[in-house]
Structures are given as structure tokens and as C-alpha cells.
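S.K.: structure for the following, please:
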Amino acid sequence: MWARILLVLAYLGLSLGLDQVRYDNYKVYNVRINDLEQFQLLRSQEKVLKLSSWREARHLGESSDLMLPPEYQETFEQLLNNHNFSYSLKIDNVQYHIDAQRPKQRISSMEWTQFHTLDEIYTWLDLIESRYPDIVTPFSIGNSHEGRPIRGVKISYKEGNPAVFIESNIHAREWITSSTITYFIDELLVPRNPGVREIAQNVDWYIIPVLNTDGFVYSHEVERLWRKSRLNSDPTGKCVGTDLNRNFDYLWMLTGASSDFCDETYAGPSAESDVEISQLTAFINNSIPEGTIKIYISLHSYGQYVLSPWGHTAAEFPEHYPQMMHVAKGFSDALLRRYGTVFTYGSSATTLYEVSGSGKEWAYAVKGIKIPYTIELRDKGLLGFVLPPEDIIPVAREVTEGFVGMINAAREVDIL
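M.R.: You can find the predicted model right below:
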């Protein structure tokens, strides 16, 4: 026990001693990749030019969003021009938008006009647990690598309901996800329209607002655009963290994941190497009655997608793909009606890119949950991970409408 305490204290000490990373004059480029030669050229320059991929091209002929520091921008633009890339500048100064995300004066009470810290979210969870004890049941799947509790809530109005399981902020920098899902929790507790009231009362909701607690805190305190966990698997100590959405134990490391410690998609030294994932799957296996969960959602940003299995292949589709698409359409159509935001739906491999070791793949193939999705929230890449706080409520409202449509569509195909 004392060793664990000392480890946590050491991490806290390191965190307190770190300066906040700044992205002054970092730019984000949208680069069209027309052929394999261009793809390989960019890949060869990733470490040389310190390229950071915000979003990868799905296929040849499509575009990637790439961020890089000011000292490499002239060289990068020369490279693009010399090799006939089509490109445009999306963000001129990343730090400007990060500063806009941080409130000039923090409001410690929970509301949805600013991005909240983990402590503020957890204080709010304490409040709703005490205020709605007959509806809200708190749970914890365990502690993170650095010792932080990974907390969630079960919202249930009556026994015998089918359940939806939602994990959010598995990628640390995707702040809009925990903001959206906490708003949705509030809607379930105080429904403002009949559709939300109906899905609150007749469906149980297991929700983890922040799964990657260590990375989330690090993204608030040190490095805003941090993605991975904080487990250090690299024997050199140079690169830290696992992409937790590549760490599930189903077709781990088959495709769309990296064995390079420094890559953003590093899948970890082994399947479920990170306690955040091993404890999540153990909680679902051991604490929720088998067959209760009918829909599994991993909430992400950005791109405006509803992505189903399979992720590892575009050559075949899962048995329940027609039902998955019907329910995805129900979500997307209902969401569209709020503000006209368009979501694209389909399998990961055919719609976005190939991936293995992800949560939705595990949910379907291992747990037999017929409707599992990765949902990528706004936007399409104009601001990406640095959406302004003014967007929180519109995103959360449209997603709430989407969930109503999702539940109704799931009933139409006898999932619920």
C-alpha cells in the first residue's frame, strides 16, 4: 500500500513541477493525400517536422488535419508545394483557441458555459447523488494508473429496464465529450421534454463521464492536446501513455494501432495493459447482469460520425449491421432536426479508417452487445479539439435529441 501511495505522491510532485505546454503560433493544415507516394512522404516526415495528426485521411483522395510548430512550417509548406499537395490552413494559432477555452474566472458549480475540471465534475456527481438518491447510484470501476478514482453513475427510475452503457473522454483532449454527457445526465434527472422523460424512465443509463482521468487532468494542467493515458511503458522513459481505445482485448494490434511508444495510437505493451481498460471490462463483466446492456457508446470528438463494427475490415460486416445502421440513422436524423448538424454513419473501416482493440469492437464481439458505437461529436475539423465553450450547450442539446431518436429506433428493431 505504501508503495502505491509513494507512487501517487511522486506523480503529483511531477505534475506540480511541470510548466504548461503552450501552442503559440502552432498551425493546423488540412492536407489532401492523393496517392500512396504522398502518404508515405508525410509519414516519413512525422518525427522530422514534429507533425501531430488531429485527423487522418480515411482513404487516398481525402484529407488529413496536421498540426506543427512554427519552426517547421516554412519547410513543411515547401515540401507540400514541391510535391504537388493540395492544402489549406485551418487554424492559424492553436494557442489562441486554447486560451478561449479557458474561462477568465472559473465557476466551480456545474453549468455548461465552460469546460470543467475533473474535480468540478466529481463535486457535481456528489451533489446529484445526494439530491437524487432514489434515481442515481454511484459506482467506481477502480483507480487509474496515477491513483484517481474512475467514477460513474447509474441512472434508473425503476427495476427491470434495459441498459445503455456510455464511456466518455477515453481520449483526454476531447473535452466536449464529458461536457456533453454531463449535460445529458442533468437532462435525465430533470427532463425538459417528454421524449427525454420517456427514455430516462424506461432505460437504465450507466455513464462514466471521464474514463481517462489521468490524461484528462494532464490535459487541463499541463498539455491541452494530450490524448493518451499516463502509463509509462517505454523503457527509455521518453514517451508516455497508451491510446486506451486501442487497448481492449479483441483483435488487439491487428490494424490501425501502433507498437511505437511515441505514436498517438500506441496500443500498449499488451491487451488491457492499462488499468483503465482492464477495470472497465471487469466492471461490465462482474457488476452488470449479463445481457442487460443493449447499447454501448464510446463518446469521442471530432468528425460527426456514428461508427459501428467492424473496424478491422471493410471486406465484411457483422451479423447485426442492418440493425446497427437503423439505430444509427435514428440517432442522426433526430440530431439533425435540432440545428441541422449532419452526422455520417457506417462501419469504422468503411466510413473512417481501420481500427482494432477498440471499445465498441470488444462490446460486440466479446460481450454480444448488438448495438455498439463510437460516436464522434462536432465539428468537421474547423476547430477540432478546441471548440469554444459557447458550443457546449448546442452540441449537448443535439446529442440529447439524438439519444431519444436512438432509443426509439432501437425499439423498432427489437433491440430494446
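
S.K.: spatially nearest residue to the spatially most central residue of the chain, not counting backbone neighbours?
M.R.: Per Cα atoms, centre = their mean, the C-alpha nearest to the average position across the chain is that of His300, at 2.9 Å. Counting by Cβ to Cβ, 6 or more residues apart in numbering, Glu376 is the residue found nearest to His300 once chain neighbours are left out, at 4.9 Å. All C-beta atoms are positioned from the backbone trio N, CA, C, and that covers glycine.

S.K.: now the host helix or strand of the one you found: mean pLDDT?
M.R.: Element membership for Glu376, per DSSP states H and E: strand 371-377. Strand 371-377 comes out with an average pLDDT of 98.

S.K.: do the same with stretch 158-173
M.R.: Mean predicted lDDT for stretch 158-173 stands at 98.

S.K.: begin at 185 from now on, thanks
M.R.: Will do, 185 is the new start, and the previous item becomes stretch 342-357.

S.K.: report the distance from it to the chain centre.
M.R.: Chain-centre distance of stretch 342-357: 13 Å, with Cα atoms, centre = their mean, to the nearest Å.

S.K.: what residues sit buried inside that stretch?
M.R.: 345-357 (16 or more other Cβ atoms under 10 Å).

S.K.: again, but for stretch 319-334
M.R.: Residues of stretch 319-334 classed as buried: Ile319, Val320, Ile325, Asn327, Ser328, His329, Glu330, Arg332, Ile334 (neighbour count, 16+ other Cβ under 10 Å).

S.K.: same question for stretch 473-481.
M.R.: Quick answer for stretch 473-481 (16+ other Cβ under 10 Å): Thr476, Ile477, Lys478, Ile479, Tyr480, Ile481.

S.K.: quick one: which helix or strand includes Phe587?
M.R.: helix 576-596.

S.K.: quick check: angle from that helix to strand 555-561?
M.R.: For helix 576-596 against strand 555-561, the angle by axes from the mean of the first three to the mean of the last three Cα atoms, to 10 degrees is 160 degrees.

S.K.: which strands or helices does helix 576-596 pack on?
M.R.: helix 359-373, helix 378-386, strand 477-485, helix 505-523, strand 555-561 (3 or more Cβ pairs under 8 Å, 6 or more residues apart in numbering; DSSP states H and E).

S.K.: quick check: next helix or strand after the second one?
M.R.: Right, the one you point to is helix 378-386. The helix or strand immediately downstream of helix 378-386 is strand 388-392, counting by DSSP H and E.

S.K.: show me how far the next helix or strand after that following strand is from its chain's centre.
M.R.: Where DSSP H and E defines the elements, the next helix or strand beyond strand 388-392 is helix 397-405. Offset of helix 397-405 from its chain centre (Cα atoms, centre = their mean): 14 Å.

S.K.: using CSV, write down the CA coordinates of the next helix or strand after helix 397-405.
M.R.: As assigned by DSSP H and E, the chain's next helix or strand after helix 397-405 is helix 459-471. Below are the C-alpha coordinates for helix 459-471, written out as CSV (Å, rounded to 0.1, in the frame of the first residue of the first chain):
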residue,chain,number,x,y,z
VAL,A,459,-5.9,-0.5,-15.6
GLU,A,460,-8.5,1.9,-17.0
ILE,A,461,-9.4,-0.7,-19.6
SER,A,462,-8.9,-3.9,-17.5
GLN,A,463,-11.1,-2.4,-14.8
LEU,A,464,-13.7,-1.2,-17.2
THR,A,465,-14.2,-4.6,-18.8
ALA,A,466,-14.1,-6.3,-15.3
PHE,A,467,-16.8,-3.9,-14.1
ILE,A,468,-19.1,-4.7,-17.1
ASN,A,469,-18.4,-8.4,-16.7
ASN,A,470,-18.9,-8.6,-12.9
SER,A,471,-21.1,-5.8,-11.8
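
S.K.: helices and strands around helix 459-471, which ones?
M.R.: Using 3+ Cβ pairs under 8 Å, 6+ apart, helix 459-471 sits against strand 320-327, strand 333-339.

S.K.: the first one versus helix 397-405: what angle between them?
M.R.: Put simply, strand 320-327 runs at 90 degrees to helix 397-405, going by the same axes, to 10 degrees.

S.K.: strand 320-327 pairs with which strands, and in what direction?
M.R.: strand 333-339 (antiparallel) (DSSP bridges).

S.K.: which outside residues touch the partner strand?
M.R.: 306, 309, 312-313, 319-328, 369, 372-373, 384, 388-395, 397, 460, 463-464 (Cβ atoms under 8 Å, 6 or more residues apart in numbering).

S.K.: check which element follows that strand along the chain.
M.R.: The C-terminal neighbour of strand 333-339 among helices and strands, as given by DSSP H and E, is strand 347-352.

S.K.: so which elements touch that next one?
M.R.: Using 3+ Cβ pairs under 8 Å, 6+ apart, the elements in contact with strand 347-352 are helix 359-373, strand 388-392, strand 477-485.

S.K.: could I get these as TSV with distance to Trp494?
M.R.: Formatted as TSV, the helices and strands packed on strand 347-352 follow (distance: least, Cβ to Cβ, whole Å):
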stretch	distance to Trp494
helix 359-373	23
strand 388-392	24
strand 477-485	15
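
S.K.: and the residue nearest to His484, how many residues sit next to it?
M.R.: Using other Cβ atoms under 10 Å, Glu560 has 23 other residues around it.

S.K.: likewise for Gly552?
M.R.: As a burial measure, Gly552 scores 12 neighbours (other Cβ under 10 Å).

S.K.: circling back: do you know which of the helices and strands packed on strand 347-352 lies nearest Asp575?
M.R.: Shortest distance between Asp575 and the helices and strands packed on strand 347-352, using Cβ to Cβ, is found for helix 359-373: 7.2 Å.
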